[in-house]
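Engineer: what shape does this take:
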Amino acid sequence: MSRHTWPVARRYVLPPLALGLPLAASGRRSGWALAGLGVAVLAFFRDPERATPGDPAVIYAASDGFVTGVDDDVEEPWLPGGRGARVTVFLSVSDVHVNRSPVDGVLARSEQVGEGFAPALLKGAQDNRRNRLLIEGEAGPVVVVQVAGAIARTISNWVAVGDRLTAGQRLGVIHFGSRTDVLLPVGAADVLVRRGTRVTAGVTPLFRLRAG
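Structural biologist: Predicted coordinates:
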């Protein structure tokens, strides 16, 4: 828990604790269950400190989780030619859900789109509520897509267009099950992960830029 995540978490944490603790004090088992739920949600919104290596040739993971997709050429209108290489990461409820910037740069563009509510692990989640962020820097344009899952369908962001970001800086938090996509221009970098790779936001390299 941190000053970033507590304002988001308290709407989920306080009600079960407020209901559960008095019931638990009176010996009701349901009270312990509610209090346990509140503690579990509190743990879900944990926000550990991270040290990002800061290699300017590396694009880092935007979230914790495991890689569910590596695509060489997909549609992405914010990248040159309207195409991009993409790494998709799924976050389970046990993962840290704070997202981080994969590169140094300026947040040049941001939009919130979609209204779907498919489970984030499924292909249909591409139409879910999602935030799209375009970061421009020495690494070139990088797009981060934060995709909400089926439970809360909510994303809280802590950055705004025009902000200068550093690799590993917190971008926001996706509430409960979710996924992130990181996209670069086709041919700009070599992919360093594959399906099933477990990654850590701001720490694990996803791509390495090609020289020249």
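
Engineer: contacts, neighbours, all on C-alpha from now
Structural biologist: Will do.

Engineer: partners of residue 86 in the sheet?
Structural biologist: residue 71, residue 183 (DSSP bridges).

Engineer: ok, now residue 190?
Structural biologist: residue 208.

Engineer: what's the answer for residue 145, then?
Structural biologist: Under the criterion used here (DSSP bridges), residue 145 is bridged to residue 132, residue 181.

Engineer: tell me the domain boundaries of this protein?
Structural biologist: 6-44, 58-209 (automatic domain parsing).

Engineer: can you redo those as JSON lines with mean pLDDT and mean neighbour count?
Structural biologist: JSON lines is the format used below for the domains of the chain (pLDDT from 0 to 100; neighbours: other C-alpha atoms under 10 Å):
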{"stretch": "domain 6-44", "mean pLDDT": "76", "mean neighbour count": "17"}
{"stretch": "domain 58-209", "mean pLDDT": "89", "mean neighbour count": "20"}
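
Engineer: would you turn those domains into TSV with distance to residue 50?
Structural biologist: Listed next are these as TSV, based on distance: least, C-alpha to C-alpha, whole Å:
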stretch	distance to residue 50
domain 6-44	17
domain 58-209	7
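
Engineer: wait, which of these is closest to residue 51?
Structural biologist: domain 58-209 (7.2 Å; C-alpha to C-alpha).

Engineer: from residue 46, how far out is the residue nearest the centre of the chain?
Structural biologist: The residue lying closest to the centre of the chain (C-alpha atoms, centre = their mean) is residue 99, at 3.8 Å. Here residue 99 is placed at a distance of 12 Å from residue 46 (C-alpha to C-alpha, to the nearest Å).

Engineer: strands along this protein, start to end?
Structural biologist: 58-60, 65-75, 83-91, 98-100, 105-113, 130-137, 140-148, 155-157, 164-165, 170-174, 178-184, 189-191, 198-199, 205-209 (DSSP state E).

Engineer: any chance of CSV for the ones you listed, columns distance to residue 2?
Structural biologist: Listed next are the strands of the chain as CSV, based on distance: least, C-alpha to C-alpha, whole Å:
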stretch, distance to residue 2
strand 58-60, 22
strand 65-75, 20
strand 83-91, 20
strand 98-100, 11
strand 105-113, 23
strand 130-137, 22
strand 140-148, 20
strand 155-157, 14
strand 164-165, 19
strand 170-174, 12
strand 178-184, 20
strand 189-191, 32
strand 198-199, 22
strand 205-209, 25
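
Engineer: show me the contacts for residue 187.
Structural biologist: Residues near residue 187 by C-alpha atoms under 8 Å, 6 or more residues apart in numbering: residue 85.

Engineer: from residue 73, how far out is it?
Structural biologist: Residue 187 is 9 Å from residue 73, by C-alpha to C-alpha.

Engineer: which neighbours do these two share?
Structural biologist: Common neighbours of residue 187 and residue 73 (C-alpha under 8 Å, 6+ apart) are residue 85.

Engineer: please save the CA atoms from stretch 58-73 in CSV.
Structural biologist: Only the C-alpha atoms of stretch 58-73 are listed here, as CSV (Å, rounded to 0.1, in the frame of the first residue of the first chain):
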residue,chain,number,x,y,z
VAL,A,58,15.7,-1.4,-23.4
ILE,A,59,11.9,-1.2,-23.2
TYR,A,60,10.7,-2.6,-19.8
ALA,A,61,7.5,-4.4,-18.8
ALA,A,62,4.6,-2.1,-18.0
SER,A,63,3.1,-4.6,-15.5
ASP,A,64,3.7,-7.7,-13.5
GLY,A,65,2.2,-10.9,-14.8
PHE,A,66,3.0,-13.4,-17.5
VAL,A,67,3.3,-13.0,-21.3
THR,A,68,0.3,-14.3,-23.1
GLY,A,69,1.1,-13.0,-26.6
VAL,A,70,4.0,-11.8,-28.8
ASP,A,71,2.9,-10.4,-32.1
ASP,A,72,5.3,-9.1,-34.8
ASP,A,73,2.8,-7.0,-36.7
